[in-house]
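A.B. asks: Next one to model:
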Amino acid sequence: MKVGCNMGGRWLVERPWGAARARFVAFGVVWALLGAFWCSAPVASAAAAVWEREPIDAIRIDPPQRGRFELSAALELAPSGWVAWIPAADGLVAYAEATHRFSGTVGVRYTVAPGWSVAVGAKAAVTHLREAWDGGDESQWYKTPLKVTTASVQYDAPRWPRGTGVSVALRAGPRSWGAELSLSQIRDPLVLFGSLHVNREAVGSERVDSVGLGVGAAFVANERVTLRTTVGLTSPLAGLRAPATALSWRVGYFLDAQGDREIAAFGSWTHQGQELAAKIGIEWKVAIVPSPKMAMR
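C.D. replies: Numbering: from 1, shown residues only. Sure, this is the predicted structure:
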């Protein structure tokens, strides 16, 4: 098996398809990450905040070149709901509520110097709510689209000779800010990593401070396919919020040999108090890499 890197600074692995398929079972990456927050939404929760951020890319082995421009777009669906028995005049009555949230995000990232990059992103969402009473009427309505803009500054230190990498990111959104420290270690064909983050956001009149940890791994199946899994924990430092845990996955496929175009499917499950939530989506990324002469300027 041969391992190398492409022009985009990502691992490339050459191995027989049979071996790749056998190792395909290995789970992959954790970026318990954080980053970009869409925190001004009143529906934000500690569980949602764990995964509503752009992760530090632990698979990248070299800092991106100066002048590199990356564009990303994603669509995701997050259904949820619950059923409860509500006291009424003639006894208990069943009440059900279902929510379907469909959202789209776009983001751009630009490398201003080796290892240093800045990014901005925006999200728009439409939420459909439906509630029903046992033996009663059903009602449904739509929430108006929600738009949130985020910004971040990130530094990726050159990877050490033994494969250890360090990244730091500062991110801010409407009424929120946060910081993340991420460490990664190459263990062919895995990239293992963990992260620590702190976050402050304002939800209505409440200020929520939280700290989180994440661990995970990325598995390079072959020169085109990568898999990631993530486990994270976010714990509020004050207020009436329960700690949140989350498990996420992502399967990416490079559309070119350089790794500059990628399409991926992703999803997550979160648990906070009595609440369970899930989401699934697709993502598309493309990068414009500067010529060697431009990168050296």
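A.B. asks: Around the nearest residue to Q185 once chain neighbours are set aside, count how many other residues there are.
C.D. replies: Of all residues not flanking Q185 in the chain, L192 sits nearest, at 5.0 Å (CB to CB, 6 or more residues apart in numbering). For the C-beta atoms, the positions are set from N, CA and C on the backbone; glycine is no exception. By other CB atoms under 10 Å, the residues close to L192 number 18.
A.B. asks: what's the pLDDT at L192?
C.D. replies: As predicted, L192 sits at a pLDDT of 92.
A.B. asks: likewise P236?
C.D. replies: 89.
A.B. asks: Run through the stretch 151-297 of the chain and note the low-pLDDT ranges.
C.D. replies: Counting by pLDDT under 70, the stretch 151-297 of the chain has low-confidence residues at 291-297.
A.B. asks: for T245, which residues make a bridge with it?
C.D. replies: L233, H271 (DSSP bridges).
A.B. asks: Repeat that for A132.
C.D. replies: A96, E138.
A.B. asks: these two touch, right, it and A96?
C.D. replies: Yes. Counting by CB atoms under 8 Å, A132 touches A96, with 5.1 Å between them.
A.B. asks: Show me the shaky parts of the stretch 1-150 of the chain.
C.D. replies: In the stretch 1-150 of the chain, residues with pLDDT under 70: 1-63, 145-146.
A.B. asks: I'd assumed L255 was in contact with E223.
C.D. replies: No. Contact criterion CB under 8 Å: E223 and L255 do not qualify, at 12.0 Å.
A.B. asks: higher neighbour count, these two?
C.D. replies: Ranked by neighbour count (other CB under 10 Å), E223 and L255 place E223 first, with 18 against 14.
A.B. asks: Secondary structure class of that one, three-state.
C.D. replies: coil (DSSP: H, G, I helix; E, B strand; the rest coil).
A.B. asks: and the gap between it and R159?
C.D. replies: 20 Å (CB to CB, to the nearest Å).
A.B. asks: Same question for P114.
C.D. replies: Separation of P114 from R159 (CB to CB): 13 Å.
A.B. asks: Please compare these two by neighbour count and tell me which comes out ahead.
C.D. replies: Legend: neighbour count by other CB under 10 Å for P114 and R159, higher for R159 (18 against 15).
A.B. asks: The residue of the chain most remote from its centre and G135, how far apart?
C.D. replies: Computed with CA atoms, centre = their mean, the residue of the chain farthest from its C-alpha average is D90, at 47.0 Å. Taking CB to CB as the measure, D90 and G135 are separated by 10 Å.
A.B. asks: G178: neighbour count?
C.D. replies: There are 24 residues near G178, going by other CB under 10 Å.
A.B. asks: what are the phi and psi values for R241?
C.D. replies: phi -130, psi 140 (degrees, to the nearest 10).
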